[in-house]
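Have a look; sequence and predicted model below, questions after that.
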Amino acid sequence: MMQSAAGRVLAVRRGPNPVGSSAVTSHPKLGAGEVFVQVQAAALTITDALLCFDASTLSAAQQELLPLAEGQESVVPGFFFCGEVLSLGPFVDGIRVGEPVLGILDAAAWQGQRDDDADPQLTPAEKVLRQGGAFREAAVVQFSSLWPAADLVSAGLRLPAVISLLPGMLNALFTAASRLQLQADEALLVLAPNLSGIVLLLQRLLLLRHSWWGPLYLIVQHGPKPTLEDLGRQSSLRGLLGEGFAGSFEGWSVEEAGGAGGALGSLLEEVSRRTQGAGIDAILSLGLDLNPAQPVSSASGKELPPSELLATLPNEVPLLRSLIKLMALRGRLLVDDPRLELMPADGQHLWAKEATVSFLNVHRMLLSGANLGLLMRGIAEVTRDLLDLSAPCLASSEVRQFRMFEQFQMALEALVGSNASF
């Protein structure tokens, strides 16, 4: 099939309240190693949502990470997509016309400069529409960014469902494999807002049961105490909960424990008792404010003197200090709180245990522009898992599907509201 001259894209005007609209743009000419793909569906990730907000909404660090030109007012989102190959450029290997594919447009693709982008007849707005993400009817993509998906289709899996689940599964894969790096009998503690937000991470951990067998401690902020029965009701975990897992899992709920400021601290003390003082080898903290703001002024607005300021501080041990104290020798604390601040006493506790603190940034892999090979290897592993796990992993009740040009605004608001990493 010949490459069409133009097609629709979903352009989002960036701002505190992003608004998407359909626009028409010309397609670039196919160059060496490039493939023309009809996009059938694209995933909407939390990184896409970040791109849709403007500079006034984002921190300086977030702006530095984004693959956007300074002052860019609109963007075409979409990193992960699925579709069908329509035509091939020269020197394309391993891809056939008519083949179903999964694809990714990372930051390198967003910032790539094409020869025909220098056409003086193209306005700056038209250049923005031609670049960017996969929320478009058709895309020109390097063949190295595409993964053949015929096996998934043959197995009866729907590619729109696969592509909507793919980002979360990749985040879980990289978190478990390269960040937590769990050894056979190491203890893991996960703190998360709720159970549903970490189901894919739990799935990945259960897939490691041949090389890691826990124990696993899970504390959720909201909802009931998670039990094995609750895990078994999650379609993504069906068939993975073997008999040996029952003795190595325990869950708690901060909400059920009273929800007050000291409730989480009490639960952490309970976890410490379960380890018999050995501590936790790896702690993953998701969605927790480890440095809650403290008052620095009185009700009248006047700055408090140091003596009065000390009186306003809570008596309980700070959450971050409690987590560090809970860590085992050479333990690892992985957090997603970008505002984390270590006090000198925290550093001393870490030094004494030779323990480490590191950050989990769900945007970095896509936005660094240097991880395409790693992302494609991740897609290869996740697609193998999908073939092994089959349909239960992709139950429609568990999957949010975002179709281009349909209910985009509702989908964007839902994603920003959930702020889920996995």
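That came in fine, so what should we check first? Numbering: from 1, shown residues only.

alpha carbons only for contacts and neighbour counts from here, please
Noted.

Tabulate the CA atom coordinates of the helix or strand where residue 205 lies in CSV.
Secondary structure from DSSP states H and E places residue 205 in helix 199-207. Only the C-alpha atoms of helix 199-207 are listed here, as CSV (Å, rounded to 0.1, in the frame of the first residue of the first chain):
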residue,chain,number,x,y,z
VAL,A,199,-1.0,-5.6,40.8
LEU,A,200,1.4,-5.6,37.9
LEU,A,201,4.4,-5.3,40.2
LEU,A,202,3.0,-8.2,42.3
GLN,A,203,2.6,-10.2,39.0
ARG,A,204,6.3,-9.6,38.2
LEU,A,205,7.3,-10.6,41.7
LEU,A,206,5.3,-13.8,41.4
LEU,A,207,6.9,-14.6,38.1
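
Which parts of the stretch 101-250 of the chain are strands?
According to DSSP state E, counting those that start in this stretch, the stretch 101-250 of the chain carries its strands in the segments 138-142, 146-148, 188-192, 216-220, 249-253.

any idea how far residue 334 is from residue 202?
Counting by C-alpha to C-alpha, to the nearest Å, the gap from residue 202 to residue 334 is 16 Å.

do the same with residue 328
Noted for residue 328: a distance of 14 Å to residue 334, by C-alpha to C-alpha.

Of those two, give the one with the bigger neighbour count.
Using other C-alpha atoms under 10 Å, the more surrounded residue of residue 328 and residue 334 is residue 328, with 22 against 19.

still on that earlier bit, to residue 54, which of the strands of the stretch 101-250 of the chain lies closest?
Closest approach to residue 54 among these is made by strand 138-142 (24.9 Å; C-alpha to C-alpha).

Please state the mean pLDDT value computed over that closest one.
Per-residue pLDDT values over strand 138-142 give a mean of 91.

count of residues packed around the nearest residue to residue 37 once chain neighbours are set aside?
Leaving aside its chain neighbours, residue 37 sits nearest to residue 85 (4.5 Å; criterion: C-alpha to C-alpha, 6 or more residues apart in numbering). Counted with other C-alpha under 10 Å, residues neighbouring residue 85 total 23.

need the contact list for residue 85.
With contacts defined as C-alpha atoms under 8 Å, 6 or more residues apart in numbering, residue 85 is in contact with 35-38, 95-101.

Least reliable of the strands of the stretch 101-250 of the chain by average pLDDT, please.
strand 138-142 (a mean of 91).

what's next to that strand, contact-wise?
Here strand 138-142 makes contact (C-alpha under 8 Å, 6+ apart) with 7, 27-28, 30, 33-39, 105.

okay, those in CSV with pLDDT and neighbour count next?
Output for the contacts of strand 138-142, formatted as CSV (pLDDT from 0 to 100; neighbours: other C-alpha atoms under 10 Å):
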residue, pLDDT, neighbour count
7, 85, 14
27, 79, 20
28, 78, 19
30, 86, 17
33, 91, 15
34, 91, 22
35, 93, 27
36, 93, 27
37, 94, 27
38, 93, 22
39, 93, 21
105, 89, 25
